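A.B. asks: structure, please.
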Amino acid sequence: MITLRYDFQGWPMQALTLREFLTQLGFKEKDGNFSIPNEAVILDAYPRLLEDDGMAYGINEQYIIEGDKDVYEDKIGEHDVKVFNIFREPGPRENEDEENNEENDEVKMAKSEYKAGTFLYGIPTSEESAKYNPEGQRVFIHDGYVTADGYGKAIGYEDGVLKRSTGYGNFQWGGDVRLATEEEIKEFFSKLYASSKPISNR
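C.D. replies: Prediction:
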């Protein structure tokens, strides 16, 4: 096992073997084979490479473009697996969309009555909203802006999972809000620290 460095809490960050990595993705060993069902939706996903900054955030997003392996059957431990990756560059349409968004930012967004970084508590507007946003998953870190869709979330829950926004205007609480209490903020941090997974992009 290779320890690469230590995270902000002092836990070792260790390199995974290919077997350990595939096991985390759902591959299982059976009858001498290591496999995953062909219908598993993960097989059609585009894996992203995110640099772990040691605080459960993924940065410097890259995509895999090629794989290669060198297997030395006579030398245990000297098998080599290589992944070639590349930073994703937006296509022409995406650039166009970004330009349009920049032009319309002032129309679409306005500063809210709460400062960026404020912990807010989302108040459900219906039974359905309460069902999909249960108690304990309503606190979020506000980004300081409000749109027609609601108050911007910098970090908050979606479908029971903590996620972070990748930009203004794409992650909101669509209802009324209030300031989160100290107890609610404590609970938010408690769950954040207890999570072993990096916070994914929304």
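A.B. asks: contacting residues around the closest residue to Phe119 other than its chain neighbours?
C.D. replies: Computed as Cβ to Cβ, 6 or more residues apart in numbering, the closest residue to Phe119 that is not its neighbour in sequence is Ala180, at 4.1 Å. For the C-beta atoms, the positions are set from N, CA and C on the backbone; glycine is no exception. Ala180 makes contact with Phe119, Leu120, Tyr121, Val139, Phe188 under the criterion Cβ atoms under 8 Å, 6 or more residues apart in numbering.
A.B. asks: again with Lys111
C.D. replies: Lys111 neighbours (Cβ under 8 Å, 6+ apart): Gly144, Tyr145, Val146.
A.B. asks: of all these, which comes closest to Tyr168?
C.D. replies: Distance to Tyr168 across these (Cβ to Cβ) is lowest for Tyr145, with 5.5 Å.
A.B. asks: so how far is Gly117 from that closest one?
C.D. replies: As for Tyr145, its distance to Gly117 is 12 Å (criterion: Cβ to Cβ, to the nearest Å).
A.B. asks: same check, this time on Asp31
C.D. replies: 54 Å.
A.B. asks: the two - which one has more neighbours?
C.D. replies: The neighbour count for Asp31 versus Gly117, taken as other Cβ atoms under 10 Å, is higher for Gly117 (10 against 5).
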